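Student: What follows is a predicted protein model with its sequence.
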Amino acid sequence: MKGAFKWILLGGVLVFIALYGIEMSSSGIERIYGPIEKNNSSSVISEDDRYNLAASDENSTTVKSSGLSTEADRKIAELEKELKEVRKIAEQNARHERLPGITSDSGEPTVNKVADGTAGLLQSVSNSGIRFIASLFGSVTG
């Protein structure tokens with residue numbers, strides 16, 4: 001009897017861990033790409049498409065006319081120019097960072113910044129765990 005109870009308990013724990021992992025991954029995907037639509041239409045850009053878009057943005061400096069008015073073409077060209085400037089600034093700022101995500105500009109010690117990042121991570125994990133448990137009970141009772 002004790003052996004069967006241990007196997008049932010182990011199975012329950014494994015199922016819980018699997019469900020929790022699925023919930024964490026789906027909430028992470030929704031946090032990055034937005035809510036997942038129910039009608040099977042994906043608004044997520046694939047890796048290849050994203051690479052092709054980035055490569056075409058970097059290589060093309062002229063605006064291709066697609067039947068838009070010259071005013072729209074001019075605005076698109078201005079926006080592309082601003083985008084290139086923003087990318088250049090972001091690349092320059094990224095080169096000056098000692099650690100990714102932790103800048104050395106302010107006088108705040110690095111230990112405090114790492115502690116703040118860890119606190120944010122723990123808060124996110126706690127928040128998603130609470131949401132998972134609430135959704136689990138909601139699906140069981142509802």
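Tutor: Okay, I see it.

Student: so where is the protein shaky, pLDDT-wise?
Tutor: Along the chain, the parts satisfying pLDDT under 70 run over 38-68, 93-107, 142.

Student: measure Ile17 to Glu30 for me?
Tutor: 20 Å (Cβ to Cβ, to the nearest Å). Yep, even glycine has a C-beta here, placed from its N, CA and C like the rest.

Student: Look up how far Ala72 lies from Lys81.
Tutor: For Lys81 relative to Ala72 (Cβ to Cβ), the value is 15 Å.

Student: And for Met1?
Tutor: 76 Å.

Student: Which one's more surrounded, the two?
Tutor: Higher neighbour count among Met1 and Ala72: Ala72, with 13 against 5, using other Cβ atoms under 10 Å.

Student: and Glu37, helix, strand or coil?
Tutor: Following DSSP: H, G, I helix; E, B strand; the rest coil, Glu37 is assigned to coil.

Student: swap in Arg74?
Tutor: Arg74 - assigned by three-state DSSP - is helix.

Student: buried residues in the helix or strand harbouring Ser25?
Tutor: Using DSSP states H and E, the element containing Ser25 is helix 2-33. Within helix 2-33, the residues that qualify as buried are 23-24, 27, counting by 16 or more other Cβ atoms under 10 Å.

Student: Any chance of CSV for the residues you listed, columns distance to Gly34?
Tutor: Below are those laid out as CSV (distance: Cβ to Cβ, whole Å):
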residue, distance to Gly34
Glu23, 17
Met24, 17
Ser27, 12
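
Student: Any idea how many residues pack against Ala84?
Tutor: Heads up, residue 84 is Lys, not Ala. Count around Lys84 with other Cβ under 10 Å applied: 13.

Student: cool, and the one 4 residues further on?
Tutor: Counted with other Cβ under 10 Å, residues neighbouring Lys88 total 10.

Student: same check, this time on the one 3 residues further on
Tutor: Using other Cβ under 10 Å, the number of residues around Glu91 comes to 9.
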